[in-house]
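pasting the sequence and the predicted coordinates here, then a few questions.
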Amino acid sequence: MGSDMQQSSKQPWLDALDSFDVSRASMFSKDMWRPYFKRLREDSPVHFHKDSAFGPYWSVTTFDNIMAVDKNNQQFSSASGITLVDADPSLPTTSFITTDQPRHGPERKAVQPVVAPKNLTNLESLIRARSIEILESLPVGTPFNWVDAVSINLTTQMLATLFGFPFDERDNLTAWSDNFTSGVRRGDVEGAKARTAMMRECLSYFQDLWHQRKAEPEDGFDLITLMQRDPTTSDMVDRPMDYLGNLGLLIVGGNDTTRNSITGGVLALNQYPDEYDKLRADPSLITSMVPEIIRWQTPLTHMRRTALEDVELGGKTIRQGDKVAMWYISGNRDETVIEQADDFIIDRANPRHHVSFGFGIHRCMGNRLAEMQLRVLWEEIMNRFSHIEVVGPEKRVHSNFVRGYTDLPVVVHPH
């Protein structure tokens, strides 16, 4: 380690552990996070960061410790927020992911039928038809931005369907989703005002949609109808901060994560061309490739909890009131649990063994829908194209929460 430490100016992850802060968004937008988390996993898997833009917090970076925190909703609460960013006091929103039991379960259960197996079966043919339409419209042999043309396009159409949202206005959903997940730097008063104004615009639109749906009820399984039907959530429109919080959760959960996995899969196959060869030789590997994309991509870098009491974890004492970040992006690279964890391997023996969807009562509700969208899309991609070629550098979202993309220039090559 001695010779390594002498190079620490070029390898800052080898500096004193207290000197770097893994909550910096630039670590993810510049895709330079891996060695920092590897160091934390090896030297301080439960690590206290005294100072950051978000105040002091703990980093939990190994697979097993993340699982231990995520499953322990008695000692670790979601009620103070699920990201390192503290709640906006001017918009004190709550949702079923930012509440503990007993409120959490019934509110989640109200909207769960949208991802019930029977409804997923009904949605599959719609997803396939839309995937075909999008893929057939792509320019062949000419560079274009995969993020806009495919990833955003498909997931926003799906989101409009899940909400029963006016299809020709669905671009609003993309804008609101990006706004929900955008952080505002401390002291950026104008940025904070703009973000709040956009959230209020979203709320107002969905309040109108609620009243329209109430006046003209439908038999469908859209999310607003499901909330109206369930006694737990039937008054949601009269609790505007609860309504906005749940809208934000469902919009981001139904959009950002799948959209960035659609892009991440194309990037991964280009970075690991031998895996692309495997896929071309045997397209049935899509089944195991999909969860591997979700692991390798890790669409949400972390989830946060707040300690309800003093808790011992990994030989450290987390104090009551402390923020705890479960770094899913690190747990998915834990080589003590996942062999060759840094590599993208589409025929892993147990590809669903990852932390991207979380654990316990807050485990991702739409995980099967996300997997289905990816599977159907890749089936149709393989029917049409011999290769999706990345032809320029990707551009990433500036966020420490969503691991996303704004640009991925590609050229598609037909069979």
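Structure received. Computed from a prediction, not measured in an experiment: that's the story for all the values here.

show the contacting residues for D242.
T93, T94, S95, M236 (Cβ atoms under 8 Å, 6 or more residues apart in numbering). (C-beta placed from N, C-alpha, C; glycine too.)

how many residues are close by the first one?
The one in question is T93. Residues lying near T93 (other Cβ atoms under 10 Å) number 21.

hang on, it in a strand?
No. Assessed by DSSP: H, G, I helix; E, B strand; the rest coil, T93 does not belong to a strand; its assignment is coil.

just the buried members of the contacts of D242?
T93, T94, S95, M236 (16 or more other Cβ atoms under 10 Å).

for the stretch 251-400 of the chain, which segments count as helices?
Per DSSP state H, counting those that start in this stretch, the stretch 251-400 of the chain carries helices over the ranges 273-281, 286-297, 328-331, 367-384.

a markdown table for these, including distance to D310 and mean pLDDT?
Shown next, in a markdown table, are these (distance: least, Cβ to Cβ, whole Å; pLDDT from 0 to 100):
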| stretch | distance to D310 | mean pLDDT |
| --- | --- | --- |
| helix 273-281 | 45 | 98 |
| helix 286-297 | 33 | 98 |
| helix 328-331 | 23 | 98 |
| helix 367-384 | 33 | 96 |
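
how about those helices in CSV, adding distance to A149 and mean neighbour count?
Output for the helices of the stretch 251-400 of the chain, formatted as CSV (distance: least, Cβ to Cβ, whole Å; neighbours: other Cβ atoms under 10 Å):
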stretch, distance to A149, mean neighbour count
helix 273-281, 20, 14
helix 286-297, 18, 23
helix 328-331, 26, 27
helix 367-384, 12, 20
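
would you convert these into JSON lines that also reports distance to D15?
As requested, those are exported to JSON lines (distance: least, Cβ to Cβ, whole Å):
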{"stretch": "helix 273-281", "distance to D15": "34"}
{"stretch": "helix 286-297", "distance to D15": "28"}
{"stretch": "helix 328-331", "distance to D15": "18"}
{"stretch": "helix 367-384", "distance to D15": "37"}
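
out of those helices, which comes closest to D148?
Taking Cβ to Cβ, helix 367-384 is the member of the helices of the stretch 251-400 of the chain nearest to D148, at 15.3 Å.

for the closest one, the distance to its chain's centre please.
17 Å (Cα atoms, centre = their mean, to the nearest Å).

that one to helix 286-297, inter-axis angle?
Angle of helix 367-384 versus helix 286-297, following axes from the mean of the first three to the mean of the last three Cα atoms, to 10 degrees, is 120 degrees.

what is helix 367-384 packed up against?
Judged by 3 or more Cβ pairs under 8 Å, 6 or more residues apart in numbering; DSSP states H and E, helix 367-384 is in contact with helix 117-136, helix 153-163, helix 240-271, helix 286-297.

make CSV from these and add distance to R384 to it.
Formatted as CSV, the helices and strands packed on helix 367-384 follow (distance: least, Cβ to Cβ, whole Å):
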stretch, distance to R384
helix 117-136, 6
helix 153-163, 15
helix 240-271, 14
helix 286-297, 14
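
and T317, what does it touch?
Neighbouring residues of T317 by Cβ under 8 Å, 6+ apart: D310, V311.

circling back to that earlier point, show me which of the buried ones among the contacts of D242 is closest to L40.
S95 (29.5 Å).

who's in contact with that closest one?
E107, D242, G245, N246, G248, L249.

farthest pair within those?
E107 and G248 (13.7 Å).

doesn't D70 lie inside a helix?
Yes. Checked against three-state DSSP, D70 lies within a helix.

quick one: the strands in this protein?
Counting by DSSP state E, the chain has strands at residues 46-49, 57-60, 76-77, 144-145, 302-307, 311-313, 316-318, 323-327, 385-390, 395-396, 405-407, 409-414.

in this structure, where is pLDDT below threshold?
Applying pLDDT under 70 to the chain picks out residues 1-9, 183-186.

one more time with 80, if that's ok
For the chain, residues meeting the criterion pLDDT under 80 lie at 1-10, 86-92, 96-97, 182-188, 217-221, 254, 256.

verify the contact between F165 and T156 for me.
No. Between F165 and T156 there is no contact under Cβ atoms under 8 Å: 9.4 Å.

for L249, which residues are in contact?
When contacts are counted by Cβ under 8 Å, 6+ apart, L249 is found next to S95, F96, I97, T98.

now, among those residues, which is nearest to D70?
I97 (12.1 Å).

gap between N400 and W33?
Look at N400 and W33: by Cβ to Cβ, to the nearest Å, they are 9 Å apart.

ok, E169 next?
Here the criterion is Cβ to Cβ. By it, E169 lies 36 Å from W33.

more neighbours: the two, which one.
Shown here are E169 and W33; by other Cβ under 10 Å, W33 has more neighbours (22 against 10).

got the contact list for the more buried one?
V22, M27, T301, I329.

next, format those as a markdown table and append distance to I132.
Formatted as a markdown table, the contacts of W33 follow (distance: Cβ to Cβ, whole Å):
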| residue | distance to I132 |
| --- | --- |
| V22 | 41 |
| M27 | 38 |
| T301 | 32 |
| I329 | 33 |
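
quick check: A87 touching S80?
Yes. Using Cβ under 8 Å, A87 is in contact with S80, at 7.3 Å.

lovely, talk soon.
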